[in-house]
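Enquirer: show me the folded form of this:
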Amino acid sequence: MPKYERRPEVIDALTPEQYHITQENGTERPWTGVYNDEKRVGIYVDIVSGEPLFASSDKFESGCGWPSFTKPLVHDHVTELADDSLGMRRVEVRSKHGDSHLGHVFNDGPRDRGGLRYCINSASLRFIPQEDMEAEGYGTYLDQVEG
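Expert: Below you'll find the predicted structure:
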């Protein structure tokens, strides 16, 4: 079993935007994230810890301007916390091992797929294409992506 952890050298190598989003609970501007329009088959991992978070098979176009997913790939790798900032009640989504701020989860997702919308910042993720998953140590998840 791989060990996913928060490592200072990885955090030091983040771009200013990645650092702001993952470490300071920031949010990228809508429609600017590199993965908003990503259509390839694969998985999305935490940019800090590498823990697998979401599968392309659970990604959908929500029209919100951020990558949206119906569920986490590994529920134990995602934590959900109450977020009362901005004068509203939201649920923040963080990676468990990397403690990276990922985004928020809302209950306005596709009803036929559970009704949730995990609205995630591209800057908190790294995409692993299906053809690279085995070589990068994510072969266990190949059966959970389509293609």
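
Enquirer: how near is the residue nearest to residue 27 when sequence neighbours are not counted to residue 146?
Expert: In space, and not counting its chain neighbours, residue 27 is closest to residue 121: 6.3 Å by Cβ to Cβ, 6 or more residues apart in numbering. Yep, even glycine has a C-beta here, placed from its N, CA and C like the rest. To residue 146, residue 121 is 24 Å away according to Cβ to Cβ, to the nearest Å.

Enquirer: of the two, who's got more company?
Expert: Shown here are residue 121 and residue 146; by other Cβ atoms under 10 Å, residue 121 has more neighbours (27 against 10).

Enquirer: and residue 113, how many neighbours does it have?
Expert: The burial count for residue 113: 13, using other Cβ under 10 Å.

Enquirer: quick one: pLDDT of the closest residue to it other than its chain neighbours?
Expert: Excluding the flanking residues, the one nearest residue 113 by Cβ to Cβ, 6+ apart is residue 70, at 4.2 Å. On pLDDT, residue 70 comes in at 97.

Enquirer: looks like residue 70 contacts residue 119 (just checking).
Expert: No. At 11.4 Å, residue 70 does not count as touching residue 119 under the criterion of Cβ atoms under 8 Å.

Enquirer: low-confidence ranges, this structure, go.
Expert: Where the chain drops to pLDDT under 70, the residues are 1, 147.

Enquirer: residue 126 versus residue 46, what's the distance?
Expert: 8 Å.

Enquirer: more crowded one of the two?
Expert: For the pair residue 46 and residue 126, the greater number of neighbours falls to residue 46 (26 against 16), based on other Cβ under 10 Å.

Enquirer: what does that one show for phi and psi?
Expert: phi -60, psi 130 (degrees, to the nearest 10).

Enquirer: what distance do you get for it to residue 95?
Expert: 4 Å.

Enquirer: hmm, back to that, neighbour count for residue 70 and residue 119, which is higher?
Expert: residue 119 (23 against 20).
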